[in-house]
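Student: What follows is a predicted protein model with its sequence.
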Amino acid sequence: MNSKNYSILFVCMGNICRSPTAEAVFRQQVEAAGLADRIHIDSAGTHAYHIGNPPDARSMKTAAARGYAMECLRARQVTAQDIAAFDYVLAMDEDNLAILQRLASADCQHKPRLLMAFAPDFGRHDVPDPYYGGAQGFEQVLDMIEAAGEGLLADLRQRI
């Protein structure tokens, strides 16, 4: 059995909708798997729009309806040091992936990836930003993140 611990960073644009949702969902999935002591989970945004703010109220409401708590999370901006420090740096979409790749040092270029790579059967590469849409967008984001979280957890179980 591998004794290494792993760290996961979920990244979207403002760190108030998709990435904190991914953090909350994956934290619960990891806890249910009994791996909370082996996997560190965080989230950040590529832009500084919402630093220090809690997640979007619509994200929190949708997540709470499925049993995920997000109230304690606060938005922060991703740094090059984050990319170096985290084992997995998972972007919600191609635009944020491109920003992460520009931010990453030469020896960390392999780290930024799309979250949905862990849910290839879902048929989408990008988790769409629900910020300007209705409630259905937040539900769709949760569906996608739950599926990708299961795939990510399966990947980590093989490594641990």
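Tutor: Now that the structure is in, tell me what you want to look at. Numbers count the residues shown, from 1 in each chain.
Student: tell me what the helix or strand encompassing E31 is packed against?
Tutor: Counting by DSSP states H and E, the secondary-structure element that holds E31 is helix 18-32. With contacts defined as 3 or more C-beta pairs under 8 Å, 6 or more residues apart in numbering; DSSP states H and E, the packing partners of helix 18-32 are strand 6-12, strand 39-45, helix 57-65, helix 135-159. Bear in mind the C-beta positions are built from the backbone N, C-alpha and C, glycine included.
Student: Among the ones you listed, which comes closest to D95?
Tutor: Closest to D95 of the helices and strands packed on helix 18-32, according to C-beta to C-beta: strand 6-12, at 9.7 Å.
Student: average model confidence for that closest one?
Tutor: Taken as a whole, strand 6-12 carries a mean pLDDT of 98.
Student: List the buried residues in that strand.
Tutor: By 16 or more other C-beta atoms under 10 Å, the buried positions in strand 6-12 come out as 6, 8-12.
Student: for those, which one is nearest R157?
Tutor: The shortest separation between R157 and any of those is 10.6 Å, and it belongs to Y6 (by C-beta to C-beta).
Student: hmm, back to that, need the helices and strands packed on helix 18-32 in CSV (columns: distance to V30).
Tutor: Conversion of these to CSV gives the following (distance: least, C-beta to C-beta, whole Å):
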stretch, distance to V30
strand 6-12, 9
strand 39-45, 5
helix 57-65, 16
helix 135-159, 7
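Student: Of these, which stretch is the most buried?
Tutor: Highest mean neighbour count among the helices and strands packed on helix 18-32 (mean count of other C-beta atoms under 10 Å): strand 6-12, with a mean of 25.
Student: Now do that strand: everything it contacts.
Tutor: Residues from elsewhere that reach strand 6-12, judged by C-beta atoms under 8 Å, 6 or more residues apart in numbering: 18-20, 22-23, 26, 38-46, 78, 82-83, 85-93, 96, 100, 112, 115, 127, 129, 152, 156, 159-160.
Student: which neighbours does that strand have in its sheet, and in what orientation?
Tutor: For strand 6-12, the pairing partners within the sheet under DSSP bridges are strand 39-45 (parallel), strand 88-91 (parallel).
Student: Can I get those strands in CSV including distance to R58?
Tutor: Listed next are those as CSV, based on distance: least, C-beta to C-beta, whole Å:
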stretch, distance to R58
strand 39-45, 17
strand 88-91, 21
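Student: Of all these, which one is nearest G133?
Tutor: strand 39-45 (18.3 Å).
Student: Across the sheet, point out what pairs with the residue lying closest to R76 once chain neighbours are set aside.
Tutor: Across the structure, with C-beta to C-beta, 6 or more residues apart in numbering as the measure, the residue nearest R76 apart from its sequence neighbours is A44 (5.1 Å). When bridges are taken as DSSP bridges, the partners of A44 come out as V11.
Student: If anything else comes up later, I'll come back, but that's it for now.
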